[in-house]
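Peer 1: what follows is a predicted structure for the sequence shown.
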Amino acid sequence: MHIAILGLGYVGTTTAACLLKDGHHVYGIDINSAKVQAIGAGRSPVVEPGVEALLTAGLAAGRLSSGSSLAPWLDSLDLVMICVGTPSRADGKLEMVHLLEVTRQLGRQLEDRRTATPLLLVFRSTMAPGTMERLVLPTLEAATGEAPGQRYEVAFNPEFLRESTAVKDYYAPPKIVIGERHPGASRRLLGIYDGLDAPVFEVGFAEAEMVKFVDNSFHALKVAFANEIGRLAIAKGIDPQTVADIFLADTKLNVSAAYLRPGGPFGGSCLPKDLGAMLALAREVGVQVPVLGGTRESNAVHAAWLAQAVQARLAPPGPILLMGLSFKAETDDLRNSPLLELAEALLDAGYDLRVFDPDLDPSQLVGVNFALAAEHQEVLRSCLTRDLATAAAHVGLIVLGKPMPEHLAALPAAVPRLDIPQLRGFDG
């Protein structure tokens, strides 16, 4: 295929080099004349292992050209990849001026394209969720005088290339994400990733835009977490790398998908207790651990957000049916239960609250749970019932607090639901 790359920074240059390796004709476009000259001579304007050799080979094969405009090649193009930088502003937001200007110019140039086949415009620049719909598409439509679908089509394809390993990452990506106006609109980016062994996600623009933010935020969180543990270990005379080796050996829970799906707050006996003990240890040895400290605060914020979300959907007195009270399914443990906390918050707000939990029999609670039952008598004695049909009658909202699929069929289908384990039914 004939592919233009707009923006010859790290992403654009690496993408150009890899497309050349795959046999495509590549046209590198940039307003920086030094970058254009470098690409035109088969040299890389950035330092990245393996890139320059691929550019040189592509130039020798007659498949690499460069310029300050794609106009000379407009009619022969199958695909345009927009890799313009979106640097950070002082307020942390992304600077979109250059990207939107390139988008505007690209839209105007489409008027001169005489080929009937729609030109696929693939945006790879990092952008905040909603940018494609709110800024990019309107800019294109204003410049071209028409919506996508006839002369052009639009896709968002975030990159996951790490500097110094970018070529390897291109050919062994963790995933391929394609944001589209509707399923199939990108035509799988015309097959440029065919043959790569990676899961492909064809989703809406906003989901594709957010993925890049989520990935890099989590990578940053992991680095900060590991370093906090390292500082604590050193303060106690413990080898931090040995601790890390043991931690990383657990691929069932620690380094896995476990606990990484959005849902309810954490609770129970272990996580709050051990996190509290770790924070106490940090205070004892005088080590600052803002990530660990923020974890407990974040959990409290999430619990408060859930209560506010319920109240936003249905004002007091309701009534409301809360499905679940113990801290997770198939246990009667009430210790640090976010659902018990939610129930109390709803009662304090003046709701007529009904609670159904097949795991709970107040007469069978022992130990700490027995004491908690006495402390929360109104919830367990007045609100908790084992008769689901009665509890669900005439309610205005059902809050699914924990998974209990065997009971969902008995719930009235017409009543709105908030699904806490799946975070579904919540307004943005």
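Peer 2: The structure has been received and is ready for your questions. Numbering: from 1, shown residues only.

Peer 1: where's residue 102, which helix or strand?
Peer 2: According to DSSP states H and E, residue 102 maps onto helix 97-109.

Peer 1: hmm, residue 143 is touching residue 108, no?
Peer 2: Yes: with contact defined as C-beta atoms under 8 Å, residue 143 and residue 108 form a contacting pair (5.0 Å). Where you see a C-beta, it was placed from the backbone N, CA and C, and this is true even at glycine.

Peer 1: all helices of the stretch 301-428 of the chain, in order?
Peer 2: 338-348, 367-375, 377, 388-392 (DSSP state H, counting those that start in this stretch).

Peer 1: who does the helix holding residue 102 touch, helix- and strand-wise?
Peer 2: strand 79-82, helix 137-144 (3 or more C-beta pairs under 8 Å, 6 or more residues apart in numbering; DSSP states H and E).

Peer 1: so for the last one, mean pLDDT?
Peer 2: The one in question is helix 137-144. Predicted confidence along helix 137-144 averages 97 (mean pLDDT).

Peer 1: and what of the shortest one?
Peer 2: Here strand 79-82 scores 98 as its mean pLDDT.

Peer 1: roughly how far is it from the heart of the chain?
Peer 2: Going by C-alpha atoms, centre = their mean, to the nearest Å, the spacing between the C-alpha centre of strand 79-82 and its chain's C-alpha centre is 24 Å.

Peer 1: against which helices or strands is that strand packed?
Peer 2: Packing partners of strand 79-82 (3+ C-beta pairs under 8 Å, 6+ apart): strand 2-6, helix 97-109, strand 119-123.

Peer 1: now these in a markdown table, please, with extra columns for mean neighbour count, distance to residue 59 and mean pLDDT.
Peer 2: What follows is the helices and strands packed on strand 79-82, written out as a markdown table (neighbours: other C-beta atoms under 10 Å; distance: least, C-beta to C-beta, whole Å; pLDDT from 0 to 100):
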| stretch | mean neighbour count | distance to residue 59 | mean pLDDT |
| --- | --- | --- | --- |
| strand 2-6 | 24 | 14 | 98 |
| helix 97-109 | 18 | 24 | 96 |
| strand 119-123 | 23 | 23 | 97 |
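
Peer 1: quick one: these as CSV, columns for distance to residue 317 too.
Peer 2: Shown next, in CSV, are the helices and strands packed on strand 79-82 (distance: least, C-beta to C-beta, whole Å):
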stretch, distance to residue 317
strand 2-6, 58
helix 97-109, 50
strand 119-123, 49
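
Peer 1: so what's residue 225 closest to, chain neighbours aside?
Peer 2: Closest residue to residue 225 apart from its sequence neighbours, by C-beta to C-beta, 6 or more residues apart in numbering: residue 291 at 5.3 Å.

Peer 1: what is the helix or strand containing that neighbour packed up against?
Peer 2: For residue 291, the host element (DSSP H and E) is helix 290-313. Helices and strands touching helix 290-313, by 3+ C-beta pairs under 8 Å, 6+ apart, are helix 205-235, helix 270-285, helix 338-348, strand 397-400, strand 417-419.

Peer 1: closest one to residue 53 among the ones you listed?
Peer 2: Shortest distance between residue 53 and the helices and strands packed on helix 290-313, using C-beta to C-beta, is found for helix 205-235: 27.8 Å.

Peer 1: the residue nearest to residue 225 touches residue 228, doesn't it?
Peer 2: Yes: applying C-beta under 8 Å as the test, residue 291 and residue 228 come out as touching, 5.4 Å apart.

Peer 1: now residue 198, what's its secondary structure?
Peer 2: Here residue 198 is coil, with the state taken from DSSP: H, G, I helix; E, B strand; the rest coil.

Peer 1: let me redo that: residue 258
Peer 2: For residue 258, the assignment made with three-state DSSP gives coil.

Peer 1: how near is it to residue 250?
Peer 2: Taking C-beta to C-beta, to the nearest Å as the criterion, residue 258 is separated from residue 250 by 9 Å.

Peer 1: residue 385 too?
Peer 2: Computed with C-beta to C-beta, the distance linking residue 385 and residue 250 is 40 Å.

Peer 1: and residue 223, by the same measure?
Peer 2: Residue 223 sits 19 Å away from residue 250 when distances are taken as C-beta to C-beta.

Peer 1: where in this structure is pLDDT low?
Peer 2: Along the chain, segments meeting pLDDT under 70 span 428.

Peer 1: if we use 90, what do you get?
Peer 2: Residues of the chain that meet the criterion pLDDT under 90 lie in 111-112, 114-117, 187-188, 269, 361-378, 380-382, 386, 427-428.

Peer 1: how's it carved up into domains?
Peer 2: Residue ranges for the domains of the chain, per automatic domain parsing: 2-210, 301-419.

Peer 1: how far is the shortest one from where the chain is centred?
Peer 2: On the basis of C-alpha atoms, centre = their mean, domain 301-419 sits 29 Å off its chain's mean C-alpha point.

Peer 1: quick check: end-to-end length of it?
Peer 2: Domain 301-419 has an end-to-end distance of 18 Å (C-alpha to C-alpha, to the nearest Å).

Peer 1: what does stretch 235-248 contact?
Peer 2: By C-beta atoms under 8 Å, 6 or more residues apart in numbering, the list of residues contacting stretch 235-248 from outside reads 226, 229, 230, 233, 234, 254, 255, 281, 285, 286, 287.

Peer 1: are any of these buried, and which?
Peer 2: 226, 229, 230, 233, 287 (16 or more other C-beta atoms under 10 Å).

Peer 1: using TSV, lay out those together with distance to residue 305.
Peer 2: Listed next are the buried ones among the contacts of stretch 235-248 as TSV, based on distance: C-beta to C-beta, whole Å:
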residue	distance to residue 305
226	28
229	28
230	32
233	33
287	30
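
Peer 1: from those, which is closest to residue 423?
Peer 2: Nearest to residue 423 out of the buried ones among the contacts of stretch 235-248 is residue 226 (C-beta to C-beta; 27.3 Å).
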